[in-house]
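>>> Okay, here's the prediction I keep looking at, along with the sequence it came from:
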Amino acid sequence: MRTTVFSRALTTLVAATALALAATPGAPAAPALSATVEQADDPYREPFRFLSAPDLFNADIGDVSTSGYYTVGAPNSWSPRWAETTQNLFGQLADFEADTYLVAGDMVNGRWHYDRGDTGTFGPGRTIPERIARVRRAGETYYPQWLEFWTDAGVPAWRVRTAVGDHEMGDNPWKAGATQLAAYDTYKDLFAEHFTRRPDGTPRYPMRPVGTPQEDSAYAKYLDGGRVLLVTVDWFDKVDGAIDVTVDGGQLAWFDRVLAEAPEETTIIVQGHFPILEPVRRRGGGGPTTAYGESSPIWQSMVRHGADLYLAGEVHDFTAVKRGPGPVQITHGGYAGNGRTDFIVGDVLADGSIQVDARTIDVVARSRARIWQTGGEIRERVSLAPTSRSVGSLVVSSDGTVLQRTGCLDVYTGPYAQKQDCTR
């Protein structure tokens with residue numbers, strides 16, 4: 001992860017050449033950009049900044065009156081108070097002016113095959129095909145509004161890079177005969193349509209595991225003139241009529257090849273929804289993790305090819321784990337739908353070192369009153385503090401050595417436990 005003077009000069013030259021060509025008389029005009037179309041990365045910046053907030057919301061927050069099946073007076077999962085909260089939350093994240101914003105899953109609640117109270121808001125649900133159609137209508141309602149929260153705050157949608165979490169797959173458990181299993185392809189397609197494909201259906205990310213079940217949900221992207229490589233994995237596969245939580249087969253082969261081909265000076269950041277190493281603090285997250293560990297093929301690939309960070313969510317609390325020559329795993333995030341929001345801000349410096357700041361936004365007030373969402377209810381109001389606070393820090397050198405760690409990112413050797421909260 002060393003950045004050389006030559007690589008910075010080359011990046012500057014390429015950027016200058018591109019600008020000159022764009023200014024040449026008679027040159028073809030650049031295509032217009034939509035909110036979901038990929039845009040060229042900014043030229044080299046020092047430091048390169050990323051903000052990572054997995055499990056952001058973990059709830060369906062949005063105005064459902066746009067659904068063609070909505071009837072006046074039916075419940076809604078939106079309120080003026082949530083409008084204030086989303087403006088506050090996304091405004092605070094935007095203020096960090098990150099070069100890329102990462103959300104490793106659980107953007108929504110996603111239990112769209114349900115209809116609490118039989119409202120009919122997303123259509124009938126008497127049969128499995130009707131419930132699958134209801135899933136599609138819900139996704140087409142909530143995902144665009146989720147992206148609008150970013151763009152309204154001034155963050156272009158192409159800067160937001162997401163991963164599939166269990167809530168993007170209807171939420172676990174996926175029991176035999178469950179609608180989530182029947183709707184598996186619909187859930188995956190909805191994610192791809194809004195986050196990894198352009199409006200014309202072409203892939204947003206050319207670097208992807210083509211020919212695998214994850215070709216539209218896993219991807220890699222060189223950022224900041226090539227000195228940072230982001231790789232996003234999809235932990236979900238449908239095998240023999242059940243959902244298997246793993247990274248293997250074709251996706252694993254692609255992942256290993258992408259990391260192997262990265263130049264030595266590249267900083268490699270991997271994001272995926274589930275932690276791999278234990279122990280980690282947990283605050284209400286119950287996803288599987290212990291089946292993986294240091295011996296898992298995906299972790300061994302990251303060790304072998306010098307990955308620097310593995311960023312995961314699901315457990316809604318902070319833990320930084322560093323073992324041997326492997327990357328630093330940071331679990332963090334969650335979840336504004338019911339409480340405080342946790343995230344990290346990282347700076348990749350010119351010498352290849354990484355500085356990480358763990359931050360939290362405290363809850364000022366929350367209502368007992370609740371409002372509707374398809375799979376349950378959420379609080380009618382969650383008011384957040386106007387500014388976040390730092391709860392820990394981490395500094396990793398260019399050779400992977402942890403130079404400093406404090407607060408929530410300090411060494412954790414505690415047990416597997418629920419409802420921990422290192423920020424209090």
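Structure received.
>>> CA only for contacts and neighbour counts going forward, please
Noted.
>>> Can you pull up the most central residue in this protein?
residue 103 (1.9 Å; Cα atoms, centre = their mean).
>>> Name the residues linked to it by a beta bridge.
residue 162 (DSSP bridges).
>>> For residue 395, grab phi and psi.
The phi and psi torsions at residue 395 (degrees, to the nearest 10) take the values phi -130, psi 130.
>>> pLDDT of the host helix or strand of residue 378, averaged?
If you go by DSSP states H and E, residue 378 is part of strand 376-379. Averaged across strand 376-379, pLDDT comes to 90.
>>> repeat for stretch 358-368
The model assigns stretch 358-368 a mean pLDDT of 94.
>>> before we move on, the earlier item: gap between the residue nearest to the centre of the chain and residue 379?
The spacing between residue 103 and residue 379, counted by Cα to Cα, to the nearest Å, is 22 Å.
>>> Now the element after the helix or strand of the chain with the lowest mean pLDDT, going C-ward?
Ranking every helix and strand in the chain by mean pLDDT, DSSP states H and E puts helix 5-23 at the bottom, with a mean of 33. Following helix 5-23 in sequence order, the next helix or strand is strand 48-52 (DSSP H and E).
>>> Tell me which other helices or strands that next one touches.
In terms of contacts (3 or more Cα pairs under 8 Å, 6 or more residues apart in numbering; DSSP states H and E), strand 48-52 is packed against strand 100-103, strand 341-348.
>>> Need those in CSV (columns: mean pLDDT).
Output for these, formatted as CSV (pLDDT from 0 to 100):
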stretch, mean pLDDT
strand 100-103, 98
strand 341-348, 96
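>>> Of all those, which one is nearest residue 295?
strand 100-103 (25.9 Å; Cα to Cα).
>>> I'd like the next helix or strand past the closest one.
helix 128-152.
>>> so after the host helix or strand of residue 358, what's the next helix or strand?
Using DSSP H and E, the element containing residue 358 is strand 354-361. Once strand 354-361 ends, the next helix or strand along the chain (criterion: DSSP H and E) is strand 363-366.
>>> Not counting that following strand itself, show me its contacts.
For strand 363-366, contacts defined as Cα atoms under 8 Å, 6 or more residues apart in numbering pick out 339, 340, 379, 380, 381, 382, 383, 384, 385.
>>> Now neighbour count too, for those, in TSV please.
As requested, the contacts of strand 363-366 are exported to TSV (neighbours: other Cα atoms under 10 Å):
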residue	neighbour count
339	19
340	21
379	17
380	21
381	23
382	22
383	22
384	22
385	17
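>>> and which of these is nearest to residue 261?
residue 340 (39.2 Å).
>>> For the closest one, list the residues it contacts.
Taking Cα under 8 Å, 6+ apart, one finds 334, 360, 361, 362, 363, 384 in contact with residue 340.
>>> Most neighbours out of these, which is it?
residue 334 (29 neighbours; other Cα atoms under 10 Å).
>>> For my notes, confirm that residue occurs in a strand.
No: going by DSSP: H, G, I helix; E, B strand; the rest coil, the assignment for residue 334 is coil, not a strand.
>>> Please identify the pairing partners of whichever helix or strand comes after the strand holding residue 378 and their relative orientation?
Moving toward the C-terminus from strand 376-379, the next helix or strand (DSSP H and E) is strand 382-384. Within its sheet, strand 382-384 is paired with strand 363-366 (antiparallel), according to DSSP bridges.
>>> List the contacts of the helix or strand that the partner strand is followed by.
Per DSSP H and E, the first helix or strand lying C-terminal to strand 363-366 is strand 370-373. For strand 370-373, the external contacting residues (Cα under 8 Å, 6+ apart) are 60-61, 75-78, 115-116, 377-381.
>>> Going by neighbour count, list what's buried in strand 370-373.
371, 372, 373 (16 or more other Cα atoms under 10 Å).
>>> so what strands line up beside it?
Assessed with DSSP bridges, strand 370-373 is paired to strand 376-379 (antiparallel).
>>> export the strand it pairs with as PDB, just CAs?
Extracted in PDB, the C-alpha atoms of strand 376-379 (Å, rounded to 0.1, in the frame of the first residue of the first chain):
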ATOM      1  CA  GLY A 376     -43.500  -4.200  11.800                       C
ATOM      2  CA  GLU A 377     -43.300  -0.700  13.100                       C
ATOM      3  CA  ILE A 378     -40.700   2.000  13.700                       C
ATOM      4  CA  ARG A 379     -40.600   4.900  16.000                       C
END
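>>> got a list of contacts for it?
Outside strand 376-379, the residues touching it (Cα under 8 Å, 6+ apart) are 59, 77, 116, 337, 338, 366, 367, 368, 369, 370, 371, 372.
>>> Farthest pair within those residues?
Among the contacts of strand 376-379, 116 and 366 lie farthest apart (Cα to Cα), at 22.0 Å.
>>> Report the contact partners of residue 147.
residue 157.
>>> Quick check: it vs residue 347, distance?
Plainly put, residue 147 is 24 Å away from residue 347 if you go by Cα to Cα.
>>> cool, and residue 395?
10 Å.
>>> and for the two, which residues touch both?
By Cα under 8 Å, 6+ apart, the residues touching both residue 395 and residue 347 are 354, 355, 356.
>>> thinking the last one is in contact with residue 346, fair?
Right, residue 356. Yes: with contact defined as Cα atoms under 8 Å, residue 356 counts as touching residue 346 (4.3 Å).
>>> Any buried residues in stretch 234-253, and which?
234-237, 242-243, 245-248, 250-252.
>>> Over to stretch 206-221?
Result for stretch 206-221 [16+ other Cα under 10 Å]: buried residues 207, 208, 209, 213, 214, 215, 216, 217, 218, 219, 220, 221.
>>> Rounded mean pLDDT for it, please.
For stretch 206-221, the mean confidence score works out to 97.
>>> same deal with stretch 183-203?
Per-residue scores along stretch 183-203 average to 96.
>>> And the contacts of that stretch?
The contact list for stretch 183-203 (Cα under 8 Å, 6+ apart) reads 36-38, 132, 135-136, 139-140, 143-144, 161-162, 164, 168-170, 204-205, 216-217, 238.
>>> Show me which of those residues are buried.
36-38, 132, 135-136, 139-140, 143, 161-162, 164, 168-170, 204-205, 216-217.
>>> Mind giving me the ChimeraX select for the contacts of strand 376-379, buried ones only?
Buried subset of these, written as a ChimeraX selection, criterion 16+ other Cα under 10 Å:
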select :59,77,116,337,338,371,372
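>>> between the contacts of strand 376-379, which is nearest residue 229?
Once Cα to Cα is applied, the member of these that ends up nearest residue 229 is residue 59, at 29.7 Å.
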